[in-house]
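Undergrad: coords below, sequence missing:
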Ligand code: SF4
């Protein structure tokens, strides 16, 4: 088993991301907590770019649960038909908009349990909304973060919840607000699924992934562990 990160190593790991990108942002486009929630629900097993393409014109007209209900499921389905699983997602967005109006006065609740009771909203989505919309130091684990945390051995785990709990323990408090975005962007652009770009990685010396030592170009394909459940 590779050695776990010490407190100093964890500090060094995140201090480099902070130095390079002090104020990381979500790549999902949104206008308010409601459109963020909808965008995150739509982003399951889809790319942020693909979601933004559909939600740009949609959110220009529809940015509240009331307007979403007025639009209706058929027209919503048509507006998001380029996104995977659009039928189920349209159903969920209409149902969650209804629930927001009936139970929360049309506002997105700043409460994990209340968020997770909404249709189509799991722990990862609730964590993203709490972090991005309300500035809470939550650590949402998507497929990129799951991979990075297991490869590096920063927070190994068999499922997203184990990784999230590991991150809670290892990420220094001062980095918790931005850790989600740093890790997601690192996984999306550097520590990519098939062949991580280790020679360009700013945390390569701290990472425990053995094949990273292979010369560039001769890197074997990474053994891939994938997250189950929410992506
Ligand atoms: S060294 Fe390679 S495997 Fe390790 S975090 Fe960096 S890109 Fe990922």
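TA: Perfect, I can see it now. For clarity, every value in this text was computed on a predicted model and none was experimentally measured.

Undergrad: in terms of pLDDT, where does the residue most central in space within the chain sit?
TA: For the chain, residue 142 is the residue whose C-alpha lies nearest the centre (Cα atoms, centre = their mean; 4.9 Å). On the pLDDT scale, residue 142 is placed at 93.

Undergrad: how much space between it and the ligand?
TA: 16 Å (Cβ to the nearest ligand atom, to the nearest Å). Using the backbone N, CA and C atoms, a C-beta is placed for each residue, glycine as well.

Undergrad: my read: that residue touches residue 185, true?
TA: No. Residue 142 lies out of contact with residue 185 (Cβ atoms under 8 Å); the separation is 11.5 Å.

Undergrad: which parts of this protein sit against the ligand?
TA: Residues of the chain lying near the ligand by Cβ under 6 Å from any ligand atom: 151-152, 190-191, 196-198, 201, 203-204, 207, 209, 212.

Undergrad: which of these count as buried?
TA: Burial by neighbour count, 16 or more other Cβ atoms under 10 Å: within the residues of the chain next to the ligand this picks out 151-152, 190-191, 196, 198, 201, 203-204, 207, 209, 212.

Undergrad: now pLDDT too, for those, in TSV please.
TA: Below are those laid out as TSV (pLDDT from 0 to 100):
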residue	pLDDT
151	96
152	97
190	95
191	96
196	95
198	95
201	96
203	97
204	96
207	96
209	93
212	76
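
Undergrad: just the endpoints, please. Distance across stretch 112-122?
TA: Stretch 112-122 has its terminal residues 10 Å apart, counting by Cα to Cα, to the nearest Å.

Undergrad: can you list contacts of that stretch?
TA: Stretch 112-122 is contacted by residues 37, 41, 88-89, 91-93, 95-96, 99-100, 103-104, 108-109, 123, 125-127, 129-130, 229-230 when judged by Cβ atoms under 8 Å, 6 or more residues apart in numbering.

Undergrad: I figured residue 33 was touching residue 104, is that so?
TA: No. If you go by Cβ under 8 Å, residue 33 and residue 104 don't touch, sitting 10.9 Å apart.

Undergrad: remind me which residues of the protein are low pLDDT?
TA: Low-confidence segments of the chain (pLDDT under 70): 213-231.

Undergrad: residue boundaries of the helices in the protein?
TA: Applying DSSP state H to the chain gives helices spanning 7-20, 33-42, 48-61, 65-71, 73-79, 86-104, 112-116, 123-132, 143-152, 160-170, 176-189.

Undergrad: residues in contact with the closest residue to residue 39 other than its chain neighbours?
TA: Closest residue in space to residue 39, ignoring its immediate chain neighbours: residue 28 at 4.6 Å, by Cβ to Cβ, 6 or more residues apart in numbering. For residue 28, the contact set (Cβ under 8 Å, 6+ apart) comprises 36, 39-40, 43, 48, 51-52.

Undergrad: how far away is residue 28 from the ligand?
TA: Separation of residue 28 from the ligand (Cβ to the nearest ligand atom) stands at 23 Å.

Undergrad: backbone phi and psi for that residue, please?
TA: With angles defined as degrees, to the nearest 10, residue 28 sits at phi -80, psi 140.
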